[in-house]
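Asks: here are the coordinates; sequence isn't available:
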């Protein structure tokens, strides 16, 4: 479509797009597709992409959200050509409204909100004209000026376009252009007691900025005739070629909700810890979870642009995240729930240094050093006194290989008064050091470990999906709270990680061998305090 427009000379060879969020909340995964599409289209055609804040409703907007949106867009790897605000154009919007009144195409209506809905009619049934529809131009100008001066109370009057109350498109039935809102705006203060509606302000903003392609989601498809109508009436004032609105399907994921009101409810009722809780689909939550911008862009690229509404399986996104981290994340060992192992035939004064690759497929990442000594720690779940069928790890009298180290054999199990295993006494086979090729002994299991004196304590958070249902609330008349996953977070406070990652910086990603992909929490990780979040499992499927 864009190439065709360039060939026809419609846009003088120029491609200009924009990403126009309302600064009343944090961006979520759904916004990432719009960001990706607008910025990559501009880049592909050597054009421009503006970031423009649609700040026409002061009731819920805040500079906090503006700053967060700018940060998120930059984090995704994009640079806007120009930074604009709808409030930059308030004077122009007002001038355009006056022009419509003078043309006899706008009027001040004093119907109540309820009456307005009633007069609007229903699909397949024409609406009724407002009794105020045929006021004179002079009277409408006078009344609109009173609205502008703040002499009209909220809800007592609106400015409406005069189009067609019998139109089959409900958006064309004399839509509102301006409403009275006596609220302080975070940029313009108390200068304006009236604020334009989105359908009116958005198309004018696009035209004033020279946008050639107004790309938006499918719910605006029925609004396109109104977008075009406003620009057709106001062409001399906006003084630019008519932008082309084109719609595409939203990005939706299973096991998620993205409505701002719903997300706010989860936060206010303490089901999650804030807008950046790693279980949420907000971009700052995904960042804290450890999802990279590469993976988020990759999801949009894989889903592509379509007119068909669909919901992408969360497993598809997780696979993209996993593939990305498999390439970029160095390896390390972490024991979530440690149990002490004493190597009975090891000299207590001896420490042996071992090597392990930082990445099995990338030699440029180098190697990491591991120290093997008389005391090591294993994962508690890697030992069973009475093993289930198919168990291939350590059992009494059994042998396993410690990864990158030796084969050990369990000789004795020590328990406390409650019967909990507190220590395993094992022997090691000195001829089985990994990488030497001196032993032909085979064992069925290979398990990870950390050495005493060569590890650091860490807090590890195991995140699962926030909802246990594919479509939260669908089976409960929309009550998504009934589908909350009670096991969406499990915290290991006494985990041990190998010393090689003791100085990890926030947002550093790792694969903890056998456990999954993890990231050092960007908020809570500090010098001397390691906190890791699980990003995604090693394979499809989730578990504690």
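Replies: Noted; the coordinates are in hand. Here the structure is a predicted model, which is why all the values come from computation and not from measurement.

Asks: what about the residue nearest to residue 415 when sequence neighbours are not counted, how many residues nearby?
Replies: Among residues not flanking residue 415 along the chain, residue 421 sits closest, at 5.5 Å (CB to CB, 6 or more residues apart in numbering). C-beta here means a position set from N, CA and C on the backbone, and glycine is covered the same way. Counted with other CB atoms under 10 Å, residues neighbouring residue 421 total 15.

Asks: check contacts around residue 421.
Replies: Neighbour list for residue 421: 339, 380, 383, 385, 413-415 [criterion: CB atoms under 8 Å, 6 or more residues apart in numbering].

Asks: just residue 404 next, same as before
Replies: Going by CB under 8 Å, 6+ apart, residue 404 touches 354-356, 370, 434-435.

Asks: mind redoing it with 10 Å?
Replies: By CB atoms under 10 Å, 6 or more residues apart in numbering, the contact set of residue 404 is 333, 354-357, 368, 370, 372, 433-435, 446, 448-449, 513.

Asks: farthest-apart pair in the residues you listed, please.
Replies: Using CB to CB, the two most remote members of the contacts of residue 404 are 433 and 513, lying 18.4 Å apart.

Asks: quick check: domain ranges of the protein?
Replies: If you go by automatic domain parsing, the domain ranges for the chain are 2-248, 250-333+456-544, 338-447.

Asks: could I get the ones you listed as CSV with mean pLDDT?
Replies: CSV is the format used below for the domains of the chain (pLDDT from 0 to 100):
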stretch, mean pLDDT
domain 2-248, 95
domain 250-333+456-544, 95
domain 338-447, 94
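
Asks: among the contacts of residue 421, which one sits closest to residue 198?
Replies: For these, the nearest to residue 198 is residue 380 (56.1 Å; CB to CB).

Asks: next, count neighbours for the spatially closest residue to the closest one that is not a sequence neighbour.
Replies: Computed as CB to CB, 6+ apart, the closest residue to residue 380 that is not its neighbour in sequence is residue 337, at 4.3 Å. Residue 337 has 15 neighbours, counted by other CB under 10 Å.

Asks: helices - which of the contacts of residue 421 land there?
Replies: Assignment to helices by DSSP state H places none of these there.

Asks: so which of these wins on neighbours?
Replies: residue 383 (22 neighbours).

Asks: can you redo the contacts of residue 421 as a markdown table with distance to residue 520?
Replies: Listed next are the contacts of residue 421 as a markdown table, based on distance: CB to CB, whole Å:
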| residue | distance to residue 520 |
| --- | --- |
| 339 | 25 |
| 380 | 24 |
| 383 | 28 |
| 385 | 35 |
| 413 | 35 |
| 414 | 34 |
| 415 | 35 |
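
Asks: from those residues, which two are the most distant?
Replies: 380 and 414, at 13.6 Å, using CB to CB across the contacts of residue 421.

Asks: re earlier: and the contacts of residue 421, which of them are in strands?
Replies: 339, 413-415 (DSSP state E).

Asks: quick one, phi/psi of residue 113?
Replies: Backbone geometry at residue 113, expressed as degrees, to the nearest 10, gives phi -60, psi -40.

Asks: gap between it and residue 479?
Replies: 28 Å (CB to CB, to the nearest Å).

Asks: same question for residue 431.
Replies: 63 Å.

Asks: check residue 382 too.
Replies: Residue 382 is 41 Å from residue 479, by CB to CB.

Asks: who has more neighbours, these two?
Replies: Just comparing residue 382 and residue 479: by other CB under 10 Å the higher neighbour count belongs to residue 382, 19 against 11.

Asks: coming back round to it: only whichever of the contacts of residue 404 are buried, select them in ChimeraX.
Replies: In ChimeraX, this line selects whichever of the contacts of residue 404 come out buried by 16 or more other CB atoms under 10 Å:
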select :333,354,356,368,370,372,433,434,446,448,449,513
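
Asks: so which of the contacts of residue 404 belong to strands?
Replies: Using DSSP E, the contacts of residue 404 in strands are 354-357, 368, 370, 372, 446, 449.

Asks: out of those, which one sits closest to residue 46?
Replies: Out of the ones in strands among the contacts of residue 404, the member with the shortest distance to residue 46 (by CB to CB) is residue 357, at 42.3 Å.

Asks: burial of the nearest residue to that closest one once chain neighbours are set aside, as a residue count?
Replies: Excluding the flanking residues, the one nearest residue 357 by CB to CB, 6+ apart is residue 367, at 5.7 Å. Using other CB under 10 Å, residue 367 has 13 neighbouring residues.

Asks: pretty sure residue 367 is touching residue 355, no?
Replies: Yes: with contacts counted by CB atoms under 10 Å, residue 367 reaches residue 355, the gap being 4.8 Å.

Asks: which parts of the stretch 351-500 of the chain are strands?
Replies: Per DSSP state E, counting those that start in this stretch, the stretch 351-500 of the chain carries strands over the ranges 352-357, 367-372, 375-379, 399-402, 407-415, 421-428, 446-447, 449-451, 455-463, 489-498.

Asks: residue 291: how many residues sit nearby?
Replies: Neighbours around residue 291, by other CB under 10 Å: 26.

Asks: what separates it from residue 189, distance-wise?
Replies: From residue 291 to residue 189 the distance is 39 Å (CB to CB).

Asks: what of residue 269?
Replies: 34 Å.

Asks: residue 238 contacts residue 201, correct?
Replies: No: taking CB under 10 Å as the definition, residue 238 is not a contact partner of residue 201, at 11.7 Å.

Asks: more neighbours, those two?
Replies: residue 201 (25 against 22).

Asks: would you agree that one falls within a helix?
Replies: Yes: the assignment for residue 201 by DSSP: H, G, I helix; E, B strand; the rest coil puts it in a helix.

Asks: in this structure it contacts residue 177, no?
Replies: Yes: with contact defined as CB under 10 Å, residue 201 reaches residue 177; the gap is 9.1 Å.

Asks: mutual contacts of the two, please.
Replies: With CB under 10 Å, 6+ apart, residue 201 and residue 177 have common neighbours 93, 96, 230.

Asks: got the contact list for the nearest residue to residue 425 once chain neighbours are set aside?
Replies: Take residue 425 and drop its neighbours on the chain: the residue closest to it by CB to CB, 6+ apart is residue 412, 4.0 Å away. Going by CB under 10 Å, 6+ apart, residue 412 touches 342, 344, 396-397, 423-427.

Asks: ok, back up a step: quick one, which of the shared contacts of residue 201 and residue 177 are buried?
Replies: 93, 96, 230.

Asks: from these, which land in helices?
Replies: Of those, the ones assigned to helices by DSSP H are 93, 96, 230.

Asks: now the last one: how far from residue 162?
Replies: Translated: residue 230. When distance is defined by CB to CB, residue 230 is 12 Å away from residue 162.

Asks: now the common contact residues for those two.
Replies: 100, 105.

Asks: tell me how far stretch 296-308 lies from the chain's centre.
Replies: Its chain's average C-alpha position is 14 Å from that of stretch 296-308, according to CA atoms, centre = their mean, to the nearest Å.

Asks: same check on stretch 474-490?
Replies: 19 Å.

Asks: the helix or strand hosting residue 214 pairs with which strands?
Replies: In this structure, residue 214 sits in strand 213-217 according to DSSP states H and E. Paired neighbours of strand 213-217 in the sheet (DSSP bridges): strand 244-248 (parallel).

Asks: show me the contact partners of the partner strand.
Replies: By CB under 10 Å, 6+ apart, strand 244-248 touches 1-2, 5, 10-11, 33-34, 37, 202-203, 206, 211-228, 231, 304-308.
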